[in-house]
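Trainee: Make a model of this:
(one chain, ligands or ions: 2)
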Amino acid sequence: MQSNSYGNFWNIDFVGTISDCFSKITESERNLNRLNIMIIGKSGVGKSTLVNNLFRNDLARTGGVKPVTKNINKYSLPNYPLTIYDSQGFELNKNTQKNIKKQITDTVHKCLRSGRTDDAIHCILYCIHADSTRFEQEEVNFISDLANESSVMRVPVIVVLTQAYARNYAQQLHNYILGLNLNISAVVDVLAEPYSFGYGQLIDRYGLENLTSEINKTLNKDLLKTFANVQKASAQLKIDQCSAIIKASVAEAGAAAMTPLPVADSVILIGIETKMLAEITTVFGTSPSKSFISMFLSTSLGTTGATVGGRALVSALKLVPGVGSLSAGMINASVAMAITAAMGNAYTQIMLMIFRGEMSAEELETQSGMNKLFELIDEQFIKQKNRLVN
Ligand SMILES: Nc1nc2c(ncn2[C@@H]2O[C@H](COP(=O)(O)OP(=O)(O)OP(=O)(O)O)[C@@H](O)[C@H]2O)c(=O)[nH]1
Ligand SMILES: [Mg+2]
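Mentor: Ligands and ions are numbered 1, 2, ... in the order given. So this is what the prediction gives:
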């Protein structure tokens, strides 16, 4: 019964499963807590360039702008869980710095006063041009005071050395700032966009991944999913989040299969798997098409019965001692875990290929895209099958 009619084995409403997966994607995105990041620095240091290269959606270019104070603007977009508070047009001389500092601390206080975590400023990025020929005492004093006040307000400050195309110089400034023992979380050198010296000499961007990792370290765990979703600079951060999601889902699948419940295991298992796919989708912040999700589910669940992935799964089920005698709807815990892991890993790999620009979402719908998808799913199922039988 299992091998010649695999769809019956799952005994699921396939169309309902696809729409359930989409509802879960919407829900998972809606559940993200709002992340508020403040970016400060003198005019022209590269704040907007940094924001546009660090986060999805070109917020500094396309976002709605609201003035908060004379020198601080707030950028946000509908259905996007990130707000950027961006300082603009400020120069730091003795006369202005007191006023600027007041605007920053007032904004942080005002956000804190609401008492809602969603409104608080969660991290401050203080940008200094790495090529500043002289890092002025004025600015040292400014950062030092700001860092002390932020520390009282419990807002971490990261100093970002922007436009760091001259690496050696940036490193010197970096060490100098570290030596000041300021109340800051980290100093990170960044070249957010490649820099051209002319004569065809191009310096590649660097440092964004490092900055992403430092920001991640400062955030409360309730904000890590949001940060993974909005940041576009670090594939590793996305992979780490996905691994955690897969691990939790695999454990959930194993537990569900072991617990006698009035509902068929397959129905519960597919519920866990669609939730996992929704959460992975949220890590990448992409909107998969219906046909892609449908193709992914039918291939990995083997409901089409025609794919190698499906066959691998069937043989996996048959090869596990005792599984051959299972009746429809009952799934052994280790098989439930293996299927979940295979689906989670294959889905993450596809999302990563799109994230890295190795494949477009449109390409996935073509024959060669589909073949690649089948291959990836097969690979993961075969891997899990081998783990089960060895
Ligand atoms: N190549 C390169 N150019 C950069 C980089 N960062 C900033 N720039 C350039 O520096 C100039 C100023 O950058 P912005 O990002 O607009 O600076 P800003 O801090 O937002 O400036 P204000 O909004 O005026 O305060 C622009 O011409 C950018 O193209 C970088 O990482 N690489
Ligand atoms: Mg700007």
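
Trainee: gap between Ile72 and Ser213?
Mentor: 27 Å (C-beta to C-beta, to the nearest Å). Every residue, glycine included, has its C-beta placed from N, CA and C.

Trainee: quick one: which of those two has more around it?
Mentor: Ile72 (21 against 17; other C-beta atoms under 10 Å).

Trainee: isn't the more buried one right up against Ile84?
Mentor: No: counting by C-beta atoms under 8 Å, Ile72 sits too far from Ile84 to count as a contact (10.4 Å).

Trainee: what touches both of the two?
Mentor: Met38 (C-beta atoms under 8 Å, 6 or more residues apart in numbering).

Trainee: in the protein, what residue is nearest ligand 1?
Mentor: Gly46 (3.0 Å; C-beta to the nearest ligand atom).

Trainee: per-residue pLDDT, the residue most central in space within the chain?
Mentor: Centroid-nearest residue in the chain, with C-alpha atoms, centre = their mean: Ala228, separated by 2.0 Å. pLDDT, Ala228: 97.

Trainee: go on, Leu161?
Mentor: Reported pLDDT for Leu161: 97.

Trainee: need the contact list for the residue nearest to the centre of the chain.
Mentor: 237-238, 240-241, 283.

Trainee: do the same with Val155
Mentor: 38, 108, 120-124.

Trainee: Could you tell me whether it really is in a strand?
Mentor: No: in this structure, Val155 is coil, not part of a strand, as judged by DSSP: H, G, I helix; E, B strand; the rest coil.

Trainee: Could you measure from it over to Arg116?
Mentor: 15 Å.

Trainee: likewise Thr366?
Mentor: 46 Å.

Trainee: Now do the domain split for this structure, please.
Mentor: 6-30+234-389, 35-230 (automatic domain parsing).

Trainee: Worst mean pLDDT among those domains?
Mentor: Taking the mean pLDDT of these, domain 6-30+234-389 comes last: a mean of 81.

Trainee: May I have the host helix or strand of Ile382 as CSV, with CA atoms only?
Mentor: Assigned by DSSP states H and E, Ile382 belongs to helix 367-389. The C-alpha trace of helix 367-389 is given here as CSV (Å, rounded to 0.1, in the frame of the first residue of the first chain):
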residue,chain,number,x,y,z
GLN,A,367,12.6,22.8,-16.3
SER,A,368,16.3,23.2,-15.3
GLY,A,369,15.3,24.9,-12.1
MET,A,370,12.9,22.0,-11.3
ASN,A,371,15.6,19.5,-12.1
LYS,A,372,17.9,21.3,-9.7
LEU,A,373,15.2,21.3,-7.0
PHE,A,374,14.6,17.5,-7.5
GLU,A,375,18.3,16.9,-7.2
LEU,A,376,18.6,18.8,-4.0
ILE,A,377,15.6,17.1,-2.4
ASP,A,378,16.8,13.7,-3.5
GLU,A,379,20.3,14.4,-2.1
GLN,A,380,18.9,15.3,1.3
PHE,A,381,16.5,12.3,1.4
ILE,A,382,19.1,9.9,0.4
LYS,A,383,21.4,11.3,3.0
GLN,A,384,18.8,10.8,5.7
LYS,A,385,17.9,7.3,4.4
ASN,A,386,21.6,6.3,4.6
ARG,A,387,21.7,7.6,8.2
LEU,A,388,18.7,5.6,9.1
VAL,A,389,19.9,2.3,7.7
